[in-house]
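Enquirer: Please find the sequence and the predicted model below.
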Amino acid sequence: MRGHKVRKGQACPFSIAHRCSIYLERPQHPCREFVCGWLVASSPLPDWMRPDQSSMIMLAANFFWQGLPVDVVVPVGEQPKKKALDWLTRFCAENRRLLVYQIRDEWFAFGPPAFQTDIADRLGRGETPWGA
């Protein structure tokens, strides 16, 4: 972005003191299109699930599978913190939500066996977990 490499799990070079230094001129993708699940006003995530504390970014209801919302978690760094992942799997189970999360370069699916198989099949075809 603007001649800088922006890598997954690394701070944006334009993030200064937890603020965007190019906010008014930020690009459409990914900045304007991205919605972090923790920042959404209706987010059920507790304060300690903030990305810099949980080592994860949650994309709430990123897609749907057989009518059920699927939350997607990408790590900030190598992997989400265990406490955060444990909380999220419990939350998803209690609220009939599905979860796809990444640890290092590997994707995992939390939900019924058919969902796990579908996600594994997508990945096997070279697709992202949420489809082509």
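Expert: Thanks, I have the structure now. Since this is a predicted model, take the numbers as computed values, not measurements. Residues are numbered from 1 along each chain as shown.

Enquirer: drop to CA atoms for contacts and neighbour counts, all remaining ones
Expert: Fine.

Enquirer: From residue 115, how far off is the nearest residue to residue 128 once chain neighbours are set aside?
Expert: Leaving aside its sequence neighbours, residue 128 sits nearest to residue 122 (CA to CA, 6 or more residues apart in numbering; 6.7 Å). Between residue 122 and residue 115 the computed distance is 11 Å (CA to CA, to the nearest Å).

Enquirer: and the helix or strand that residue 115 is a member of, what other elements does it pack with?
Expert: For residue 115, the enclosing helix or strand under DSSP states H and E is helix 113-124. Of the remaining helices and strands, those touching helix 113-124 by 3 or more CA pairs under 8 Å, 6 or more residues apart in numbering; DSSP states H and E are strand 106-110.

Enquirer: ok, now with 10 Å
Expert: When contacts are defined as 3 or more CA pairs under 10 Å, 6 or more residues apart in numbering; DSSP states H and E, helix 113-124 packs onto strand 56-65, strand 98-103, strand 106-110.
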